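> Okay, structure incoming, though there's no sequence with it:
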């Protein structure tokens, strides 16, 4: 049976959904880079990110935001892709620090990636080396704005351009033995 | 149908809704209190509502098998069913629900059912953290059920009834509350209550830093939302049960809120200032002092 929504009621539901998504961001901090050290002060009593509904998630299944803190070596990129694909829609990625934008101080390194957006879709970048907790919170507020406007469509982009992303990933990861996810 | 049937049906509708709203709001207040103790501002009180709405509005949910799908449904069924057999307010046909002679014994079985359903569901996800969490949770349950049952048996012997409504009728004045009439049973039951609420020091089951939230680790999106809804309703059900049995029940909703909130603060405030017991330490604790108090309560009644 086809369920039809009239436009007005659909709009109200969407507004409530977006408000809830915006005010409840469960973060999975992928802390292999140097930026991981900035996450505890962001979460604890000095800067208290819980004021904005930002909370740590224990597993990828429960998380909304994947926080990539700093550089990614080829070996960790593989784990990041697995983690990202295990997360449930709608999901967002924050690239944290210069290393996720242009490689930062690792720009000529032989085993780190330069631009994170080539491998998984990034919604918001926070620049700096390192960004302080204030910058991290301002990045999260930027993400909240993007969600409220309905432009945080990273997960959809990833599904639609999966071939392009897979090609980029497989170009750099040589021993590709990953499971196929049916997310 | 006559009017009393309609009142009963209305009661079945508003009881779970009230339980959900009150339970989730309590959850939000607990987060604020925890934050204040840790010298933070904390989230708004409505935070848990937004979390649950967000989880329900997730677009995808991975499912590993039939039993994983049924686990959260068993949990919420058990919570709502338990709630339906607990009289929420005293002498009110609307809030009396399904109270019958022998409902204490029925509740002792029904309150375990949700955890067992969750255990089956978590077992099918195949996540090792889930398996560890389930083993810990069931071991903890073996611990706290002993003093809890001893306390309730002491009360059932003392007043020769197995009905919550009759126990509420016995406690007609402040000095007749069961907390004063059978204090040892209350001590045993409230110590078991600490374990039932899964706050520290008895939070081995969900320990997020240790086993990645245990049984819930492979549940995301709508499954997690169902589990949180069920948890909120069950929290309210347990609080009302303890208020009915030990604190004389409540004549109106405001009294009920005050009594349940004060009761809820016992595990919460204990939890904020305590580290975590290991599983065997927790079970040793439950089988030591609370059990001794439970046996003393029974001996006092029998002798």
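Cool, got the structure. Worth saying up front: this structure is predicted, and the values here are computed from it rather than measured.
> Just to check, residue B:24 is in contact with residue B:231?
No: the criterion here is Cβ atoms under 8 Å, and residue B:24 misses it with residue B:231 at 9.5 Å. (Glycine included, C-beta is placed from N, CA and C.)
> Between those two, point out the one with more neighbours.
More crowded of residue B:24 and residue B:231, by other Cβ atoms under 10 Å in any protein chain shown: residue B:24, with 24 against 19.
> Do the strand or helix carrying that one and chain A come into contact?
Under the criterion of DSSP states H and E, residue B:24 resides in helix B:3-37. Yes: using Cβ under 8 Å from any Cβ of the partner chain, we find that helix B:3-37 touches chain A at B:31, B:35.
> Go through that helix and flag the buried ones.
Across helix B:3-37, burial judged by 16 or more other Cβ atoms under 10 Å in any protein chain shown covers B:11, B:15-16, B:18-20, B:22-32, B:34-35.
> what's the burial count for residue A:174?
7.
> for chain A, what spans make up the strands?
Remark: strands assigned in chain A by DSSP state E are A:25-30, A:54-56, A:65-69, A:92-96, A:124-126.
> let me fix that: chain B
Counting by DSSP E, chain B contains no strands.
> Pull the contacting residues for the residue in the stretch 101-250 of chain B that chain A sits nearest to.
Of all residues in the stretch 101-250 of chain B, residue B:220 sits closest to chain A, at 3.4 Å by Cβ to the nearest Cβ. Neighbour list for residue B:220: A:59-63, A:87-88, B:58, B:61-62 [criterion: Cβ atoms under 8 Å, 6 or more residues apart in numbering or on different chains].
> Give me the below-cutoff pLDDT ranges for the chain.
No chain in the question, so chain A it is. Where chain A drops to pLDDT under 70, the residues are A:1-5, A:181-183.
> think we crossed wires, I meant chain B
By pLDDT under 70, the low-scoring segments of chain B are B:1.
> I'd like to know which residues of it are adjacent to chain A.
B:31, B:35, B:38-44, B:47, B:50-51, B:53-54, B:57-62, B:129, B:208, B:212-213, B:216-221, B:224.
> Next one: the single nearest residue of chain A relative to chain B from residue A:92, what distance?
Nearest residue of chain A to chain B, counting by Cβ to the nearest Cβ: residue A:61, 3.4 Å away. Distance of residue A:61 to residue A:92, given as Cβ to Cβ, to the nearest Å: 15 Å.
> How about residue B:134?
Separation of residue B:134 from residue A:92 (Cβ to Cβ): 31 Å.
> Those two: who's more crowded?
Applying other Cβ under 10 Å to residue B:134 and residue A:92 shows that residue A:92 carries more neighbours, namely 25 against 21.
> can you pull the contacts of the more buried one?
Applying Cβ under 8 Å, 6+ apart, we find residue A:92 in contact with A:25, A:64-66, A:123-124, A:143, A:147, A:152, A:154.
> out of the residues you listed, who's near chain B?
Near chain B, judged by Cβ under 8 Å from any Cβ, the entries from those are residue A:64.
> which one of the contacts of residue A:92 is nearest residue A:39?
Among those, residue A:65 lies closest to residue A:39 (Cβ to Cβ), at 11.8 Å.
> Can you give me the neighbour number for that closest one?
For residue A:65, the count of nearby residues is 21 (other Cβ under 10 Å).
> In this structure it contacts residue A:22, no?
No: counting by Cβ under 8 Å, residue A:22 is not a contact partner of residue A:65; they are 11.6 Å apart.
> that older thread, any idea how far the residue of chain A closest to chain B is from residue A:103?
Residue A:61 sits at a distance of 31 Å from residue A:103 (criterion: Cβ to Cβ).
> The two: which is more packed in?
For residue A:61 versus residue A:103, neighbours defined as other Cβ under 10 Å are more numerous around residue A:61 (24 against 18).
> Provide a list of residues in contact with that one.
Residue A:61 neighbours (Cβ under 8 Å, 6+ apart): A:86-88, B:62, B:217-221, B:224.
> what do you get if the cut-off is 6 Å, keeping everything else the same?
Residue A:61 is in contact with B:218, B:220, counting by Cβ atoms under 6 Å, 6 or more residues apart in numbering or on different chains.
> Phi, psi for the nearest residue to residue A:34 once chain neighbours are set aside please.
What sits nearest to residue A:34 in space, not counting adjacent residues and going by Cβ to Cβ, 6 or more residues apart in numbering or on different chains, is residue A:70, at 5.0 Å. Torsion angles at residue A:70 (phi, psi; degrees, to the nearest 10) stand at phi 100, psi -160.
> thought residue A:70 was touching residue A:101?
No: the criterion here is Cβ atoms under 6 Å, and residue A:70 misses it with residue A:101 at 11.0 Å.
> Look at the closest residue to residue B:203 other than its chain neighbours and say how many residues are nearby.
Leaving aside its sequence neighbours, residue B:203 sits nearest to residue B:276 (Cβ to Cβ, 6+ apart; 5.8 Å). Look at residue B:276: counted by other Cβ under 10 Å, it has 16 neighbours.
> quick one: residue B:276 and chain A, what's the gap?
Per Cβ to the nearest Cβ, to the nearest Å, residue B:276 is found 15 Å from chain A.
> which one of the contacts of residue A:92 sits closest to residue A:109?
residue A:66 (22.3 Å).
> That closest one bridge partners, please.
residue A:28, residue A:93 (DSSP bridges).
> The residue nearest to residue B:203 reaches residue B:200, doesn't it?
Yes: in this structure, residue B:276 is within contact of residue B:200 by Cβ under 6 Å, at 5.5 Å.
> circling back: let me know how buried the residue nearest to residue A:34 is, in neighbour terms.
So residue A:70, with other Cβ under 10 Å, has 25 neighbours.
> distance of it from residue A:28?
Distance from residue A:70 to residue A:28, by Cβ to Cβ: 15 Å.
> From the structure, what's the count of residues near the closest residue to residue A:32 other than its chain neighbours?
Spatial nearest neighbour of residue A:32, chain neighbours left out: residue A:76 (5.0 Å); criterion: Cβ to Cβ, 6+ apart. Per other Cβ under 10 Å, the neighbour tally for residue A:76 reads 17.
> Now for residue B:84: which residues touch it?
B:97-98.
> Tell me the spatial nearest neighbour of residue 60, not counting adjacent residues.
Looking at chain A here, since you left the chain open. Ranked by Cβ to Cβ, 6+ apart and with sequence neighbours excluded, the top spatial neighbour of residue A:60 is residue A:86, at 4.2 Å.
> wait, I meant chain B there
Closest residue to residue B:60 apart from its sequence neighbours, by Cβ to Cβ, 6+ apart: residue A:89 at 4.3 Å.
> same thing with residue A:79?
Nearest non-adjacent residue to residue A:79, counting by Cβ to Cβ, 6+ apart: residue A:30, 8.0 Å away.
> That neighbour touches residue A:70, doesn't it?
No: here residue A:30 lies out of contact with residue A:70, judged by Cβ under 6 Å, at a distance of 9.4 Å.
> ok, which stretches of the stretch 101-250 of chain B are helices?
Per DSSP state H, counting those that start in this stretch, the stretch 101-250 of chain B carries helices over the ranges B:103-124, B:128-159, B:164-170, B:178-181, B:183-196, B:208-211, B:221-246.
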